[in-house]
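J.: Next input, structure requested:
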Amino acid sequence: MSAPVRITLLGTGNPTPRLRRAGSSVLTRVGDAGIVFDLGPGSAHKLWAAGIDAATVGQVFFTHHHFDHNADYGHFVLSRWDQSAGRGDELQVFGPVPTARITQQLFAQDGVYGPDLEARTQHALSQRMHQLRSGTLPRCKPSIRGRDLAAGERVAGDGWTVTAGAAEHVQPYLASLAYRLDVGLRAVVISGDSRPIAAMVALARGADVLIHMAMDLEPIFGAGRRSTRRAPVRLARGGSRPRRAYGGSCWCTWASGWTTPPARRAWPPRRDRCS
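T.: I've put the predicted structure just below:
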């Protein structure tokens, strides 16, 4: 029997700062283990507000490196490590190029947070705070393993597999990926900011949940510009059972002015008909 899968939309926002919406971020829980897709601005706070122990998140997958999808990378990693008293020392991070380089530039000895990490592991005050959180000395720095992925590659965990798929967004300036999480007979697809393409239809085929951006482009580019508001429905019709586009399993992340709280949904560990 496969573990139950739970989804929390930590952030469904866009680059425009909003008080009630974080940047793009999806948390999936497979049993007690967490996998996060994207870490947009404010998403780390949303994770803790949802009552999630950040140390249970062992993997992060980035769809692409626009700041509204990765700005909380440093915040999440450092807070997770600092507050977890040794339980959050290791993290696997995946994404398109340049995920590995960004990880090094942030957390290496000579990286952006290198001096911060040095102080928090060596200074007596920081060491004492670590001990008060039940940590032990010597305090280790976090081990963040960043790896670049390409479409078609897979990452396997305990009872789950993530497959990277092709996505089209702002190439050639930024590489983009979509992801399919398979847990037993359950499947979740996160498309990032991709437009509907044949490869996405193939990736989403048979999935239980499709999480896809929807945006009205006419106010930006003028009348006649094709809107992406219906894109998730078109993609869901091609990529999964037709009724699922209307059965609550096509989840939209809106790039307009909506304000919505994080949403959750849980499934039993079996495949059954969507209603």
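J.: The stretch 151-275 of the chain: strands as residue ranges?
T.: 154-156, 161-166, 177-183, 186-190, 209-214, 250-254, 264-266 (DSSP state E, counting those that start in this stretch).
J.: Just checking: what are the partner strands of the first one?
T.: Right, strand 154-156. Using DSSP bridges, the neighbouring strands of strand 154-156 in the sheet come out as strand 161-166 (antiparallel).
J.: can the strands of the stretch 151-275 of the chain go into a markdown table with extra columns for mean neighbour count?
T.: Just so you know, the C-beta spots here come from the backbone N, C-alpha and C atoms, and that holds for glycine as well. Written out in a markdown table, the entries for the strands of the stretch 151-275 of the chain read as follows (neighbours: other C-beta atoms under 10 Å):
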| stretch | mean neighbour count |
| --- | --- |
| strand 154-156 | 13 |
| strand 161-166 | 20 |
| strand 177-183 | 25 |
| strand 186-190 | 25 |
| strand 209-214 | 24 |
| strand 250-254 | 21 |
| strand 264-266 | 12 |
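J.: mean pLDDT for these: which is lowest?
T.: Per-stretch averages of pLDDT across these put strand 264-266 at the bottom, with a mean of 47.
J.: max-length helix in the protein?
T.: Of all the segments assigned as helix in the chain under DSSP state H, the longest by residue count is helix 73-83.
J.: Using neighbour counts, pick out the buried residues of that one.
T.: With burial defined by 16 or more other C-beta atoms under 10 Å, the residues of helix 73-83 counted as buried are Tyr73, Gly74, Phe76, Val77, Leu78, Ser79, Arg80, Trp81, Asp82, Gln83.
J.: again with stretch 102-122
T.: Counting neighbours by 16+ other C-beta under 10 Å, one finds that the buried residues in stretch 102-122 are Ile102, Thr103, Leu106, Phe107, Gly111, Tyr113, Leu117, Arg120, Thr121.
J.: Just checking the distance from that stretch to the centre of its chain.
T.: The chain centre lies 23 Å from the centre of stretch 102-122; the measure is C-alpha atoms, centre = their mean, to the nearest Å.
J.: got the buried residues of helix 73-83 as CSV, with distance to Ile190 and pLDDT columns?
T.: Compiled in CSV, these are given as follows (distance: C-beta to C-beta, whole Å; pLDDT from 0 to 100):
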residue, distance to Ile190, pLDDT
Tyr73, 17, 99
Gly74, 22, 98
Phe76, 17, 98
Val77, 20, 98
Leu78, 24, 98
Ser79, 23, 97
Arg80, 21, 97
Trp81, 25, 97
Asp82, 28, 96
Gln83, 26, 94
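J.: returning to what we had before: return the member of the buried residues of stretch 102-122 nearest to Asp193.
T.: Among the buried residues of stretch 102-122, Ile102 lies closest to Asp193 (C-beta to C-beta), at 17.7 Å.
J.: quick one: the closest one is in a helix?
T.: Yes - judged by DSSP: H, G, I helix; E, B strand; the rest coil, Ile102 forms part of a helix.
J.: now the helices for the stretch 51-200 of the chain?
T.: Taking DSSP state H, counting those that start in this stretch to define them, one finds helices in the stretch 51-200 of the chain at 67-70, 73-83, 99-107, 114-122, 124-132, 198-204.
J.: Reformat those helices into TSV and put distance to Ala55 next to each item.
T.: Below are the helices of the stretch 51-200 of the chain laid out as TSV (distance: least, C-beta to C-beta, whole Å):
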stretch	distance to Ala55
helix 67-70	21
helix 73-83	6
helix 99-107	17
helix 114-122	16
helix 124-132	14
helix 198-204	30
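J.: Would you mark the buried spots in stretch 2-13?
T.: Neighbour counts using 16+ other C-beta under 10 Å place Ser2, Ala3, Pro4, Val5, Ile7, Thr8, Leu9, Leu10, Gly11, Thr12, Gly13 of stretch 2-13 among the buried residues.
J.: can you name the two of those residues that are farthest apart?
T.: The most widely separated members of the buried residues of stretch 2-13, counting by C-beta to C-beta, are Ser2 and Gly13 (31.5 Å).
J.: mean confidence score for stretch 15-27?
T.: 90.
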